[in-house]
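> sharing a sequence plus its predicted fold:
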Amino acid sequence: MDKGGLFLLSIGLLLLLFSANAKTGEYEIFNLTTALVLIIVGAIFAVKGKKRNKSQKD
């Protein structure tokens, strides 16, 4: 797997976790959209890296 993709994925998940306000139950929309973008981009990089590593083994 691609280390950069996993890094973006983990940062996105942490940002998603902290985008919610526990007292009011509301989400901060800027943090939420940034987190979703990072999660999607990180997942794409991770899958592409995994496919690249698998094809190099063969």
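It's in. This one's a predicted model, so the numbers in the text were calculated from it and none came from an experiment. Numbers count the residues shown, from 1 in each chain.
> so what's G5 closest to, chain neighbours aside?
Nearest residue to G5, sequence neighbours excluded (Cβ to Cβ, 6 or more residues apart in numbering): F45, at 2.9 Å. Every C-beta, even on glycine, is put in place using the N, C-alpha and C of the backbone.
> my error: substitute L38 in the last question.
The nearest residue in space to L38 (Cβ to Cβ, 6+ apart) is G12, at 3.1 Å.
> and the one you found, how many neighbours?
20 (other Cβ atoms under 10 Å).
> if I look at it, how far off is T33?
For G12, the distance to T33 equals 11 Å [Cβ to Cβ, to the nearest Å].
> also G4?
Relative to T33, and taking Cβ to Cβ, G4 is found at 21 Å.
> now do L14
On the measure of Cβ to Cβ, L14 and T33 end up 15 Å apart.
> now do the contacts for the residue nearest to G5.
Taking Cβ atoms under 8 Å, 6 or more residues apart in numbering as the criterion, F45 is in contact with D2, G4, G5, L8.
> in the helix or strand where it lies, what counts as buried?
If you go by DSSP states H and E, F45 is part of helix 29-57. Under the neighbour-count criterion of 16 or more other Cβ atoms under 10 Å, helix 29-57 has T34, A35, L38, I39, G42, F45, A46, G49 buried.
> out of everything not next to it in sequence, what's closest to the first one?
Read that as T34. L15 (6.1 Å).
> where does the protein dip in pLDDT?
Applying pLDDT under 70 to the chain picks out residues 1, 58.
> ramachandran angles for G25?
phi 80, psi 20 (degrees, to the nearest 10).
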